[in-house]
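Peer 1: Let me see the structure of the following:
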Amino acid sequence: MALIGTKAEAGPDSQARAEAYETLLDQLRERLAWARAGGGEKMTARHRERDKIPVRERIDLLIDPGTGFLELTPLAGWGLHEGRLASAGIVTGIGTVRGTTCMIIANDATVKGGSFYRETVKKHIRAQDIAAQNRLPCLYLVDCGGANLNQMEEVFYDETHFGGTFHRQCRMSAEGIPQLAAVFGECTAGGAYIPALCDEFVMVEGQASIHLGGPHIVKAAISEVVDRHELGGAALHSRRSGVSDHIAPDEHAALGRLREMVASLAYHQPLAPGRAAPRPPRHDAAEIPGIVGTDLSRPFDQREILARIVDDSDFHEFKPEWGETILCGTARIEGFAAGIIANNGVLFSEACLKAAHFIELCDQRGIPILFLQNTTGFMVGREAELGGIAKHSAKLVYAMSNTRVPRITLVTGSSYGAGNYGMSGRGFRPHFMFMWPNARLGGMNPDVGSSVLMELRRASISQGEASEAELAEQEAKLRQMFEEKSDPYFCTARLFDDGIIDPRDSRRVLGLCLAVVNLRPEIRDPRPVYRM
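Peer 2: Reported below is the predicted structural model:
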C-alpha cells in the first residue's frame, strides 16, 4: 500500500481559496439551472398542456430507478444564439435501462422546436461517437423539427453535419450496436430518419408523426392539403405503412415499451473482471477547492487531488524520483483500475519519456488511463531544444495517440498549447473529457500569447506609427481575447469538452466513465514495452 495525501491546511489562505472557489461553483450552479430550464417557463407550460413530458423527466422515467444519469455537455450553447439554445436543444448522456448501460439522445422540443443547430449536431455526433467507442446501445427520444434551415451551411453539407448522424447510426447498427427510439412529437424531413434508421421504435398515438415532407411542403410541392397525422401519424405508420414497430397511447407507455425493447436485446456487457470492492478515499473531496483555489499561477500538487479521488488514497507511483514535473502511477477509482498521468508543472524531456514509458505499460496491461491536465505546455528555450524536447514530446504524443486502452481526461488547471495535445486533449479523441470551473484551455497562456502577438505587431510598424498608449491598449485587448477564448464556459458552449464538473464530484464522474469504458472487449494481444 502506498498512501498519498496530507491533511488539508486549515489556515486563512486555504479558507480564502475555498471561498473564492465557491464563487465559481455558484456561477456553475446558476448556469446549469439555465440549461435545465430548457426553453423557459412559457414553453415548458405549453409542452405540458399538450400532455407532453419535459425531456429530463422523460429520461428519469426511462432509466432504472435509483441509478444515475451522466449528462454530457449540459452547457452546450451557453452564450450563443442570444442565450436561447439551452443545452443546444438536446440532452445526451449515459444511463442504465433494464440493467443495460445505454447512450440516451433526447431532443428538447421546448428549445427551438427541437431543431438542429450547429451545436445540436455536434453534440448529437459526440454522443454517438462515445456510444460507438464503448459499444453502448443508443436510445433516441425523438421530438425533432429537423435541421434549422437558416443554418444550412452549418448543418447540412459536411460529414460532420446532420447527415453524419445518420451515417453513424447505420454504421453502429451494422456493427451490432442496437439503435432504438421512442417518437414523441413531429419528426419531419431529416428528423424523420432518426427513427426510420433505428432497429426498432415506438410512436405515441395522437402526438407523434413522421414525414419526409411536412404538410406545408406537401401543399407547395403537389397542392395536397393534409394535416400531419393524416400524413404520417402514429396510427398510419403503425397500422398501415408499417414504418413504426409499436404504438403507445401516451408517453409513459412509450417509455415503458422502450424499456421492454432494451430488455429484449439480451445485450452482453462484460464488466472488467479485475474490479475490486470500492473503498472511499482517506481524505475529504470537500477540501479540493481550498487546495486548488482560483489562481492558476499558484501551483498545487496533484497527489493531493488524487488522495481525494482514488480508492483508499492508495497510489502506486511510477518512477517517483525522475521526471518530477509529471506524476505517473496506478490506482483504483470506484474499484476500477486506472493508470494516472498528472501534470505537476511544465513538461521537460524527462517527463515526456517517463509518461510515454508508462503509457506503454498501461497498454500492455490493458489498464485505462486518466490524464489530469495542469500545465502551460512543453519546456521551451535553447537548453530544452538541445536536450531534444521536440523529439521527446513527439514520443509522448505518439505513445498517447496509439495506445489501445481507453483514455479519460480531466482539466484541473491550465491546459495550454502542445501540452494539451500530449496530455490527451480533445483533438486526440479521449473517451471522455471534463473540466473544472477554474480550468483554462487554449492555444497559449494569455500573458505569453498577448506578448507574442505584440512583439510581432511592434516589429511590423514603423517608428512613431503608434504611441505607447495605443500599443498598450492593443495588448490589453489581445490579453482579454485570450482570456475569453480559454474560459471553460467558452469551451463547453462549443463542445470542446464533455462538461464542466464540480471538483468534489470528480470521483463519482470518473467512476462512471471507467465503468463505461470497461464495457469494451479486452485487449488480448499484448505488445512489448520499449523503455524510453
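Peer 1: Could you list the low-pLDDT ranges of the chain?
Peer 2: 1, 8-10, 149, 462-466, 523-524, 531-532 (pLDDT under 70).
Peer 1: Return the set of buried residues in the longest helix anywhere in the chain.
Peer 2: Counting by DSSP state H, the longest helix found in the chain is helix 12-36. In terms of neighbour count (16 or more other C-beta atoms under 10 Å), helix 12-36 has its buried residues at Ser14, Arg17, Ala18, Ala20, Tyr21, Leu24, Leu25, Leu28, Arg31, Leu32, Trp34, Ala35. Heads up, the C-betas are built off the backbone N, CA and C, glycines and all.
Peer 1: Reformat those residues as a markdown table; add distance to Asp502.
Peer 2: Below are the buried residues of helix 12-36 laid out as a markdown table (distance: C-beta to C-beta, whole Å):
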| residue | distance to Asp502 |
| --- | --- |
| Ser14 | 18 |
| Arg17 | 15 |
| Ala18 | 13 |
| Ala20 | 15 |
| Tyr21 | 10 |
| Leu24 | 9 |
| Leu25 | 6 |
| Leu28 | 7 |
| Arg31 | 12 |
| Leu32 | 10 |
| Trp34 | 16 |
| Ala35 | 15 |
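Peer 1: one step back: so what secondary structure elements neighbour the longest helix of the chain?
Peer 2: Helix 12-36 sits against helix 288-292, with contacts defined as 3 or more C-beta pairs under 8 Å, 6 or more residues apart in numbering; DSSP states H and E.
Peer 1: Would you map the strands across the stretch 101-250 of the chain?
Peer 2: Remark: strands assigned in the stretch 101-250 of the chain by DSSP state E, counting those that start in this stretch are 138-142, 179-183, 186-188, 200-204, 209-211, 246-248.
Peer 1: Following the chain onward from the last one, which element is next?
Peer 2: Going back to what we said before, that points to strand 246-248. Sequence-wise, the next helix or strand downstream of strand 246-248 (DSSP states H and E) is helix 251-265.
Peer 1: Give me the angle between that next one and strand 200-204.
Peer 2: Put simply, helix 251-265 runs at 170 degrees to strand 200-204, going by axes from the mean of the first three to the mean of the last three C-alpha atoms, to 10 degrees.
Peer 1: Let the chain start at 33 from now.
Peer 2: Renumbered: residue one is now 33, and that last one reads helix 283-297.
Peer 1: Report the buried residues of helix 283-297.
Peer 2: Glu283, Ala285, Ala286, Leu287, Gly288, Arg289, Leu290, Arg291, Met293, Val294, Leu297.
Peer 1: For the closest residue in space to the first one that isn't next to it in sequence, give its distance to Ala286.
Peer 2: I take that to be Glu283. Sequence neighbours aside, Ile85 is the residue nearest to Glu283 in space, at 5.0 Å (criterion: C-beta to C-beta, 6 or more residues apart in numbering). Applying C-beta to C-beta, to the nearest Å, the value for Ile85 to Ala286 is 10 Å.
Peer 1: what's the residue nearest to Glu283 in contact with, if anything?
Peer 2: With contact set as C-beta atoms under 8 Å, 6 or more residues apart in numbering, Ile85 has these partners: Leu93, Phe216, Glu283, His284.
Peer 1: any idea which of those is closest to Ile493?
Peer 2: Minimum distance to Ile493 across those is 60.1 Å, recorded for Phe216 (C-beta to C-beta).
Peer 1: Residues in contact with the longest helix of the chain: which ones?
Peer 2: Residues outside helix 44-68 that contact it (C-beta under 8 Å, 6+ apart): 40, 88, 106-107, 110, 115, 118-119, 321-327, 469-470, 521, 532, 534.
Peer 1: Give me the buried entries from the residues you listed.
Peer 2: Listed as buried from those are 40, 88, 106-107, 110, 118-119, 321-326, 469-470, 521, 532, 534; burial here means 16+ other C-beta under 10 Å.
Peer 1: ok, longest strand in this structure?
Peer 2: In terms of residue count, the longest strand belonging to the chain (DSSP state E) is strand 439-448.
Peer 1: ok, then the element right after that one?
Peer 2: Downstream of strand 439-448, the next assigned helix or strand under DSSP H and E is helix 449-454.
Peer 1: chain center to that following helix: distance?
Peer 2: Distance of helix 449-454 from the chain centroid (C-alpha atoms, centre = their mean, to the nearest Å) equals 18 Å.
Peer 1: Fine by me, we can end here.
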